[in-house]
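Novice: What follows is a predicted structure for the sequence shown.
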Amino acid sequence: MNFLDGSLFPENQDKLVITAAPYGPEWIPSDFPQDIPVTMEEQVQKAVDCYNAGASVLHLHVRELDGKGSKRLSMFNELIAGVRKAVPDMIIQVGGSISFAPESDGANAKWLHDDTRHMLAELDPKPDQVTVTVNTTQMNVLEHMEAEDIAGTSLADPQNNAAYREMIVPSGPGFIEEHVRRLSAAGIQSAFQFYNINSFETVERLMRRGIYKGPLVCNWVAISGGMDQPTIYSLSNFLRAIPDGTMLTVESSMRNVLPINMMGMAMGLHVRCGIEDNLWNQSRTEKMSTVKQIEQLVRMSREFGREVANGKEAREILKIGVFYETIEETLAANGFAPNPKGRQQGYLRRVA
């Protein structure tokens, strides 16, 4: 990205798009009973509360009545339908893991098989976005957490702790290519999860080969443990690589969430918060609900002089429903240089 004179002035920035992640599949209800919805009615109401607080994007996971993360597509369909009816302007972003929460005590936290994840393209009603992981990597969500962050929660249990510490995100080339094809064919936007620069470079190559022809909408995931470190150096290094056409949301975990979001707000980027990412206020004196986290970001953004996008405005900023006809149009719309004529784009392959 280029940061020219005036880039930090709010009148030269898009309104802020806030993504809420209120369902927290890594937690069990007893970890934060005041803020973890369990019944379908409660889960729909949580989306309503987040939207009313100022979030325009809902990162969606689903729980069964026993409090465990659901892996049933029928439950996803039910929650999406409920949210659509209750807050029709809210952008629904389904977490592409479906649920990485263990099914039983002591079980591994793991992502589901590729075939199951591909079925997210068949959800009915369809979501606006599905998050797409890019390249197989370690996902040790605990690596930069402190012992006090998880004290008294289910993540402090040794077996559960070990499961999350050893978690792997499976996302090889075959999965990514097939997944974005299916999502695009269904009219669902791929919301790419970039763990570092090589994740971005992979998607650039998908665009240059005509496999993905849509807007570059992504999260920079700075949670360590196989992904980027939440520091200004890691963020600035990533920003130097991506083109001006990118719609970028910054994401971190625990008490790194607020400072990383403040950096993002100042630079014209977009933000994510919620109990899936963080349970605490900055002094760690009390747990902080998703709605309170959203309200905090709304207040701070307005103090920066940057207004917060509503659902309709966020749809325009994220270019929901937009796809391109050609490789050339895709590259130009996303701020990339055109493909060199007469030169091979990477290793030999047949472009579908």
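Specialist: Right, received. Where do you want to start? Numbering: from 1, shown residues only.

Novice: Ala81: neighbouring residues, count only.
Specialist: 15 (other CB atoms under 10 Å). Glycine gets a C-beta too; all of them are placed from N, C-alpha and C.

Novice: State the distance from it to Glu41.
Specialist: 13 Å (CB to CB, to the nearest Å).

Novice: Okay, now the unreliable bits of the stretch 251-352 of the chain?
Specialist: Along the stretch 251-352 of the chain, segments meeting pLDDT under 70 span 343-352.

Novice: mind listing the helices for it?
Specialist: Taking DSSP state H, counting those that start in this stretch as the test, the helices found in the stretch 251-352 of the chain are 257-266, 290-304, 311-318, 327-333.

Novice: Which elements pack onto the shortest one?
Specialist: With contacts defined as 3 or more CB pairs under 8 Å, 6 or more residues apart in numbering; DSSP states H and E, the secondary structure elements packing on helix 327-333 are helix 197-208.

Novice: what sits up against the helix it packs on?
Specialist: By CB atoms under 8 Å, 6 or more residues apart in numbering, the surrounding residues in contact with helix 197-208 are 134-135, 176-177, 180, 192-194, 212-213, 216, 218, 237-238, 241-242, 327, 330-331, 334, 336, 339, 345-346.

Novice: Pull out the buried positions in that helix.
Specialist: Within helix 197-208, the residues scored as buried using 16 or more other CB atoms under 10 Å are Ser199, Phe200, Thr202, Val203, Glu204, Leu206, Met207, Arg208.

Novice: Specify which member of the residues you listed is nearest to His270.
Specialist: His270 lies nearest to Phe200 out of these, by CB to CB, at 16.2 Å.

Novice: ok, back up a step: can you say which of the contacts of helix 197-208 are buried?
Specialist: Neighbour-count burial (16+ other CB under 10 Å) applied to the contacts of helix 197-208 gives 134-135, 176-177, 180, 192-194, 212-213, 216, 218, 238, 242, 327, 330-331, 334, 336.

Novice: Next step: these restricted to helices.
Specialist: Ile176, Glu177, Val180, Phe238, Ile327, Thr330, Leu331 (DSSP state H).

Novice: Between all of those residues, which two are separated the most?
Specialist: The widest separation within these (CB to CB) is 24.1 Å, between Phe238 and Ile327.

Novice: What distance do you get for Asp5 to Glu276?
Specialist: 37 Å.

Novice: which helices and strands sit right next to the lowest-mean-pLDDT helix or strand in the chain?
Specialist: Every helix and strand of the chain was ranked by mean pLDDT, DSSP states H and E. The lowest is helix 114-118, at a mean of 81. Helices and strands touching helix 114-118, by 3+ CB pairs under 8 Å, 6+ apart, are helix 173-185.

Novice: ok, residues contacting the helix it packs on?
Specialist: Under the criterion CB under 8 Å, 6+ apart, residues 96, 114, 117-118, 120-121, 130, 132-135, 189-190, 202, 206, 211-214, 323, 352 lie in contact with helix 173-185.

Novice: so when I look at Val132, I'm seeing a strand, right?
Specialist: Yes - counting by DSSP: H, G, I helix; E, B strand; the rest coil, Val132 falls inside a strand.

Novice: Quickly list what it is bridged to.
Specialist: For Val132, the beta-bridge partners under DSSP bridges are Phe192.

Novice: you'd agree it is up against Phe194?
Specialist: No - applying CB atoms under 8 Å as the test, Val132 and Phe194 come out as separate, 10.0 Å apart.
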